[in-house]
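Visitor: any chance you can model this:
(one chain, ligands or ions: 1)
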Amino acid sequence: MDLLRFITAGSVDDGKSTLIGRLLYDSKSILADQMEAIERASKSRDDGEIDLALLTDGLRSEREQGITIDVAYRYFQTPKRKFIIVDAPGHIQYTRNMVTGASNCQLAVVLVDARHGVVEQTRRHSLIASLLGIPHLVVAINKMDLVDYSQDVFSNICIHYNELAQKLDVGEVTYIPLSALNGDNVVEKSANMPWYEGEPLLSYLETVELDHDENLTDARFPVQYVIRPQTAELHDYRGYAGKITSGIFRKGDTVTVLPTGETSTIDAIEVAEKHFDEAFAPMSVVLHLADDVDVSRGNLIVKSDNQPVVSQNVEAMLCWMDTKPLKVGNKYTLQHGTFRTRCAVREIIYQLNVNTYEETEDVESLKLNDIARIVLKTAKPVSFDPYDKNRVNGGAILIDETSNVTVGALMLRKEAI
Ligand SMILES: Nc1nc2c(ncn2[C@@H]2O[C@H](COP(=O)(O)OP(=O)(O)OP(=O)(O)O)[C@@H](O)[C@H]2O)c(=O)[nH]1
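Guide: Below is the predicted model:
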């Protein structure tokens, strides 16, 4: 069964907790003891209704203990698919939370309160979803019960959002009118909105096509370990262990080791001591090469006829996640897959206004949650693909050298001149 990993984003009080609660409740993914606890807690309410937000928030506070970055993960399953909901709470540190949670999501649910329409947070969340290259976007227009389930209200928000989406590089956008509180169009199709011809949220989540999101073209294998047994009879054995992050490798393929550029062919592909003729992302394998080339941890093995950019000058979009500002000239560690190198901030090309999407030049420093296009100079060459072509091999992070904390998320774009 396949797995859909999605993030929910919305301003405080748009109804995110209620929506997640409703999804879990109506799809019967709540454990019996959790259900009893919620029913007990809800009894104290005047209307005696079950408070679905209690379920989500209860789980959230459990998960938050001891976690520095504020993202909670929730799992549920229907007969059709498994789901992981990445729940990034909507308060102040939203950019950082959303970036942290969303980088490997295939879908984002952006909540909009039907009474308020597109607001600042909607713009910010949509921008981040677009920067992170999330291929599917659901605009969930919630609290439709408070606007008399009006088709006009829904259509106006869709038109307004569409204008915004034009300015961004967002993938597929789907609009769903719903009431998380009453359950309209969450799991069951709503009788209150007969004018809506689309599916309820859950059926959309169950059926949205995910296969074409996989990058099967660029074969990329970051080396995690070199395996070199010391026993005499195995003295020829040398394998490279790691996880294929994209594409397909076959026995006999001509490959190049980056950044050195040495070339060889694949002699064998091994998974749990069995041999295979081919392997693809996201399999963990041991590759054997025909020649005794120099390979170490952090190197990238690729097919020779499809190579990434290899450069020490890298242009990237950056989400800054530290309270200490980033300044031009500052030095950090860049981590790209299994590869690490020191780097310096060469330039801030522009800073992006997260609400108007305008670009400001002549910026010398960035503060927490800022987004900018920058140039890094690295000590060793980085072997990367543009993020919009390959999310795994185009993503990287910046680490503070003294505290060892992740301070920035990078979407690598191209070689800088
Ligand atoms: N009328 C109506 N109220 C709703 C709906 N969805 C949520 N609410 C109410 O809106 C308020 C906020 O809902 P929450 O689910 O707590 O909001 P949230 O966005 O999850 O907030 P945080 O996750 O805590 O940031 C609560 O009082 C909900 O009962 C809806 O569809 N209709």
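Visitor: element containing A165?
Guide: In this structure, A165 sits in helix 151-167 according to DSSP states H and E.
Visitor: could you confirm K377 falls within a helix?
Guide: No - under the criterion used here (DSSP: H, G, I helix; E, B strand; the rest coil), K377 is strand, not part of a helix.
Visitor: bridging residues for it?
Guide: N313, A344 (DSSP bridges).
Visitor: how many residues are close by it?
Guide: Other residues lying near K377 total 16 when counted by other C-beta atoms under 10 Å. Where C-beta positions appear, they are placed from N, C-alpha and C, glycine not excepted.
Visitor: domains in the protein, by residue range?
Guide: What automatic domain parsing lists as the domains of the chain is 2-207, 220-303, 309-415.
Visitor: and of those domains, who's closest to the ligand?
Guide: Closest of the domains of the chain to the ligand is domain 2-207, at 2.9 Å (criterion: C-beta to the nearest ligand atom).
Visitor: for the closest one, measure first residue to last.
Guide: 11 Å (C-alpha to C-alpha, to the nearest Å).
Visitor: anything in it near the ligand?
Guide: Yes - interface with the ligand: domain 2-207 contributes 10, 12-18, 53, 89-90, 142-143, 145-146, 179-181 (C-beta under 6 Å from any ligand atom).
Visitor: what segments of the protein are helices?
Guide: 16-26, 32-43, 52-64, 94-102, 120-131, 151-167, 201-207 (DSSP state H).
Visitor: could you point out which residue ranges in the chain have low pLDDT?
Guide: Applying pLDDT under 70 to the chain flags residues 29-71, 89-94, 97, 212-213, 230-237.
Visitor: centre-most residue in it?
Guide: In the chain, the centroid-proximal residue (C-alpha atoms, centre = their mean) is S103; its distance is 2.0 Å.
Visitor: confirm for me that it is in contact with G394.
Guide: No - contact between S103 and G394 fails when scored by C-beta atoms under 8 Å: they sit 10.8 Å apart.
Visitor: of the residues of domain 2-207 next to the ligand, select the buried ones using a ChimeraX command.
Guide: Remark: buried members of those, expressed as a ChimeraX selection using 16 or more other C-beta atoms under 10 Å:
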select :10,14,15,16,17,18,53,89,90,142,143,145,179,180,181
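Visitor: looking at the residues of domain 2-207 next to the ligand, which are in strands?
Guide: N142 (DSSP state E).
Visitor: packing partners of the helix holding A165?
Guide: When contacts are defined as 3 or more C-beta pairs under 8 Å, 6 or more residues apart in numbering; DSSP states H and E, helix 151-167 sits against helix 120-131, strand 136-142, strand 172-177.
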